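Visitor: any chance you could fold what I've pasted below:
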Amino acid sequence: MKSPRLEILRRHGLSIVFLLLMLASSICTMAQTPVKGVVKDDTGAALPGATVAVKGGKLNAITDINGNFTISAASGSTLVVSFIGYEPQNVIVGDSPINVVLKAASSSLNEVVVVGYGSQKKENLTGSVSVVNLKDADKRVTFDVARELQGQVAGVEVNGSGVPGEGVTIHIRGVSSLTNNNPLYVIDGVPTMTPFDFPTGDIESMQVIKDASAGAIYGFRGAAGVIIITTKKGKNGPLKINYSGYYGVQKNPKQLSVTDRAGYQKIADAAETNAGISLAPGNDPSSSSYISNVNTNWQKSAFKTGITENHDLSFSGGNEFTTYKIAMGYFNQTGTVVAGPYFKRYNVSAEMQGKKGIFSYGAKLAYTEAYYRNLAYPRLHGTGNEIVDLVSAIPTMPVYDPSRAGGFGGVDQNTQRAISLNIIGVNNLITNESQHNRFLGSAWGELEIIKNLKYKISVSYDRTDYRNFYFEPTYDLGWFYPSISAYYSDARGEPFTSLIENTLSYKFSVKKHSVELLAGTAYQKDSNNTIFGSATNLTQPYLLSFDNVSDPTNKLLFGNSGTRYFYSPIFGRVNYNYDDRYLITGNYRRDGTSQLPAANRYGDFAGASVGWNISKEHFIHLPDIITNLKLRAGYGKQGNVEALGYYDYQTVVNSNASYVFGNTLASGTSQTQVFAQNNKWEQKQTKNIGLDLSMLNDHLSFTAEYYDNKIDGILLAVPIPASVGATNTPVVNAASFTNKGLEFTVTYHSQSQGNFRYDISANASTLKNKVLSLGNGNNPIYGAYSKTAVGHEVGELYGYVTQGIFQTASDLTNHATQIGAKVGDIKFKDINGDGIITDADQTYLGSAIPKLYFGLNLNAYYKAFDASVFIQGNTGSKIANGIYQTLMQGQYVNASTDELNFWTPTNTNTNVPRPVIGDPNGNGRNSDRFIQNGSYARIQTAQIGYTIPSSILNKTHAFKSFRVYVSGQNLYTLTKYKGYDPDFINDGTINRGFDYGSFPNPRTVLLGVQVGL
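Guide: Predicted coordinates for the structure are as follows:
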């Protein structure tokens, strides 16, 4: 039998030691006596971890699991009781014990917001900085912090697919470049462009910097916006153990309506008849090769139920000198395609920070190991798309065929005449896997030289070791897709970034004037070493090693390395505050990069913003209903060079360019790659003006903002004459465009109504993009379904306009000449009126940029229950549906069931043209036939949770908190779009409106728990 005393020591050992130390300290202070008390919230629940401090003194205490505390204090002294998320309270020491009730903080104005190299009270912000509500964002099931932002912040657009482990495209106030628009992420002060290896559950706070007035201090790295992330830290107090985890299932919420065997054969037979050719034997009922016993539903065969799970475990604690936190996690997502992609990630981190006298310090180590199985595609046909090939695979092709090498079905050239790929076979036969191991280490130290004058040094090292492995055995997947030679490739790399920053900060106040100064320097080095090897003609049994390939002509091996340097000899900020009424912020940074020639290597980037707290003006008397009213404005400049390689100003020559003069071979040198020698920084100018309003004691808050951004000197690949002899297309400062828009955010926190309360928050934003120049004669840039030209927006949809179907021969005669057209074909509009349909008759077909982005969060709380719904979407966007275009071709591919309504002499009341092999009229060309409404509203997340009351948990002597919840994601989408998903992955620029087989986002249902020990 266990001793009750030993059991108490085991459970509360740290708390008892802490209390004994406090009591010992009190003995040495004769004027003070032990004061006991308890801290609870306004619902009566204990608040463990609350801080109780003697005002004006150095003594403080931390409440235990039951909210109890003991502190030495003299009678009549003041205790300051505080807890994150609650309003602090001052208590006069009198009779003991003291009962303290803290109310949840209704005002967010005193919230501390992390900005570049420091922090500010939200009330005093002047730049365009949005604070992410993590309670809402964390309900999104994702491994990616960027995906959490979708619909949560006005002006931030996020698009992604359902491929496990795949990143997203994210734009903050539109595109800032024609190449790289990814924002900078700053995690605990360490900048990175790839935050995907860090668990989202470890985030304490997140802010989005959207303009240069606030982001200029990050220089070129923040040109596309900055997302500042602060992770959870250990806190002063006894050991805390927290676990959170969930497990769920995922399915594709939609299948496209495509034809079965009979429908496909009907369309194929009509297409061959209209082309004047014989029927394919496999589709001809009179042929002995007619296929009637195969009717494959490829979507049903390929799509499966996937799983997703996540587990995070952390240990934290500390004392008044040092705090610590150790965390580990596991994430797994299997995907929703048979033998298709999966993603696994293991992570561990350790963090500590502390203070001793005038010296503060901190360090963090994080390690991630991730594994990917990628969607596969035959290497000799690497330009295809798995989803398009899956849905367009003909139903007369079987999934399995033991007679073929590899055991999977294919098509026969003579029998079916189709080029159709068995995606299930591809994913089973081909191995396409990746692994990467990432290490991030950082450390900082800060010395307070004199009061409020602080010097800080920060160093970090970020390294990823990756491996991409590909193996393709011999197989037979039918006509056009045989693999007659086994192939193996192995690519490895080790990119790393090292950074050192030094800052000096000082703040002081004189009467009503408050000033904060910051100055610093930084040096960053990026390096990447890669090696790639491949081998062909491997023999069975396959031994995947280059040593097992004896013939050197079957092997290829090469490597590469590069290093670039960034210099920031000076950056700084000034914050000026007069009486909390007039606010001024100025940021500056001088950046240099080895990517630019010496003459243009450095750029100066600066921003300034002002704020006026109108509600604090003495001569303005606002209604009592208004809590706060602030007007702010900002202007700034930033630069960008992400479009450039490491040394894109160095000429590349071939020193072995020999030439025959007469009968003699003369040695020579030829320039093979040319680069612009006068490239400079892209320049982004931002202007914005905003209004912040809070009412009803901050229960209702509203923000409105207008922005106007202009980007000049955009680096763009401009073609050069072939006579130059170069093999590359040089990148030059050629383009410019603007982004303008409005942003709105409104939040309402209900006042307590017994046991029920609720929160509502909504955001909306607009974006108008316009191209001002494109260089080199302003020649337009054509994309997959778009045209980017001066006076229009980037990636505006472009193609032909249809005018119905030719019904009679007279229709053909009376219309502009349309080569290849017959009765039953699409009639295209003669835009330029020259009497013939040519490429010149294409025109703009709509905008891929929505007229409005929006997000809506609804939260309700009743006693221990909580419920939430998150709705996200956009209105006014157009999508070029590439999958639907493929399924409406009327060729040797499977078709949409819409294609069954094709034109015939007896079925003329239709908008579907006659199918014809070869499509001589180009019925399937890019046109408004395939432009569809991309507007949607989606129930992105719905969740119901229950938190076990502390009165019950206290009896367990083990749990401090315990919450269980059930959640659904991507539950319902209201849209007219005929593709899988109106939220699809794209390049975000030139081809942003073209959906050509983005992997559909899955519907997820999961069960989760959050436990504190």
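Visitor: ok, the most centrally placed residue in the chain to Thr179 distance?
Guide: With the centre of the chain defined as its mean C-alpha position, the nearest residue by Cα atoms, centre = their mean is Ala146, 3.1 Å away. In this structure, Ala146 lies at 18 Å from Thr179, with Cβ to Cβ, to the nearest Å as the measure. (Each C-beta comes from the backbone N, C-alpha and C, glycine too.)
Visitor: count of residues packed around Phe469?
Guide: With neighbours defined by other Cβ atoms under 10 Å, the count for Phe469 comes to 16.
Visitor: let me see the contact set for it.
Guide: Counting by Cβ atoms under 8 Å, 6 or more residues apart in numbering, Phe469 touches Thr431, Asn432, Glu433, Ser434, Gln435, Ser489, Asp490.
Visitor: the strand or helix carrying it pairs with which strands, parallel or anti?
Guide: Assigned by DSSP states H and E, Phe469 belongs to strand 453-472. Strand 453-472 pairs in its sheet with strand 431-450 (antiparallel), strand 486-493 (antiparallel), strand 496-510 (antiparallel), by DSSP bridges.
Visitor: just the buried positions in it, please.
Guide: Taking 16 or more other Cβ atoms under 10 Å as the neighbour-count basis, strand 453-472 is seen to contain the buried residues 454, 456, 458-462, 464, 466, 468-472.
Visitor: using CSV, lay out those residues together with distance to Gly37 and pLDDT.
Guide: Formatted as CSV, the buried residues of strand 453-472 follow (distance: Cβ to Cβ, whole Å; pLDDT from 0 to 100):
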residue, distance to Gly37, pLDDT
Lys454, 35, 96
Lys456, 37, 97
Ser458, 40, 96
Val459, 43, 97
Ser460, 43, 96
Tyr461, 46, 96
Asp462, 46, 95
Thr464, 51, 96
Tyr466, 55, 96
Asn468, 60, 96
Phe469, 62, 94
Tyr470, 65, 95
Phe471, 67, 95
Glu472, 71, 95
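Visitor: ok, which pair from those is furthest apart?
Guide: With distance counted by Cβ to Cβ, no two of these lie farther apart than Lys454 and Glu472, which are 58.2 Å apart.
Visitor: name the helix or strand of this protein that has the lowest mean pLDDT.
Guide: Taking mean pLDDT, DSSP states H and E as the measure, helix 4-27 is the helix or strand of the chain with the lowest mean score, a mean of 37.
Visitor: right, and the helix or strand after that helix?
Guide: Proceeding N to C from helix 4-27, the next assigned helix or strand is strand 33-41, under DSSP H and E.
Visitor: now the next helix or strand after that following strand: mean pLDDT?
Guide: Downstream of strand 33-41, the first helix or strand assigned by DSSP H and E is strand 51-54. Per-region confidence: strand 51-54 scores 87 on mean pLDDT.
Visitor: before we move on, what about stretch 236-247?
Guide: Mean per-residue pLDDT for stretch 236-247: 93.
Visitor: buried ones in that stretch, by neighbour count?
Guide: Using 16+ other Cβ under 10 Å as the test for burial, stretch 236-247 gives Asn236, Gly237, Pro238, Lys240, Asn242, Ser244, Gly245, Tyr246.
Visitor: do stretch 314-331 as well
Guide: Result for stretch 314-331 [16+ other Cβ under 10 Å]: buried residues 314-318, 322-325, 327-331.
Visitor: as TSV, those with distance to Arg589, secondary structure and pLDDT would be great.
Guide: Compiled in TSV, the buried residues of stretch 314-331 are given as follows (distance: Cβ to Cβ, whole Å; DSSP: H, G, I helix; E, B strand; the rest coil; pLDDT from 0 to 100):
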residue	distance to Arg589	secondary structure	pLDDT
Ser314	35	strand	95
Phe315	38	strand	95
Ser316	35	strand	94
Gly317	38	strand	92
Gly318	35	strand	90
Thr322	33	strand	92
Thr323	32	strand	94
Tyr324	33	strand	95
Lys325	31	strand	96
Ala327	33	strand	96
Met328	37	strand	96
Gly329	35	strand	95
Tyr330	39	strand	96
Phe331	36	strand	96
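Visitor: any chance of those in TSV, with distance to Asn991 too?
Guide: Rendered in TSV, the data for the buried residues of stretch 314-331 read as follows (distance: Cβ to Cβ, whole Å):
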residue	distance to Asn991
Ser314	42
Phe315	47
Ser316	46
Gly317	51
Gly318	51
Thr322	52
Thr323	48
Tyr324	48
Lys325	43
Ala327	39
Met328	40
Gly329	35
Tyr330	36
Phe331	30
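Visitor: hmm, which two among those are most spread apart?
Guide: The most widely separated members of the buried residues of stretch 314-331 are Thr322 and Phe331, with 29.9 Å between them, by Cβ to Cβ.
Visitor: does Ser420 count as helix, strand or coil?
Guide: Of the three states, Ser420 takes coil according to DSSP: H, G, I helix; E, B strand; the rest coil.
Visitor: for it, list the residues it contacts.
Guide: Contact criterion Cβ under 8 Å, 6+ apart gives Asp389, Ser392, Ala393, Ile394, Met397, Gly410, Val411, Gly478, Tyr892, Val893, Asn894 as the residues in contact with Ser420.
Visitor: just confirm the last one contacts Arg261, I think it does.
Guide: It refers to Asn894. No - using Cβ atoms under 8 Å, Asn894 is not in contact with Arg261; the gap is 9.7 Å.
Visitor: surely the residue nearest to the centre of the chain meets His171?
Guide: No - with contacts defined as Cβ under 8 Å, Ala146 does not count as touching His171, sitting 10.8 Å away.
Visitor: where's Phe702, which helix or strand?
Guide: Assignment of secondary structure by DSSP H and E places Phe702 within strand 700-717.
Visitor: circling back to that earlier point, mind checking which of the strands paired with strand 453-472 is nearest Ser119?
Guide: With Cβ to Cβ as the yardstick, what comes closest out of those is strand 496-510 (11.2 Å).
Visitor: model confidence over the closest one, on average?
Guide: Averaging the model's pLDDT scores along strand 496-510 yields 95.
Visitor: show me which positions of that strand end up buried.
Guide: Neighbour counts over strand 496-510 (16+ other Cβ under 10 Å) mark Phe496, Thr497, Leu499, Glu501, Thr503, Ser505, Tyr506, Lys507 as buried.
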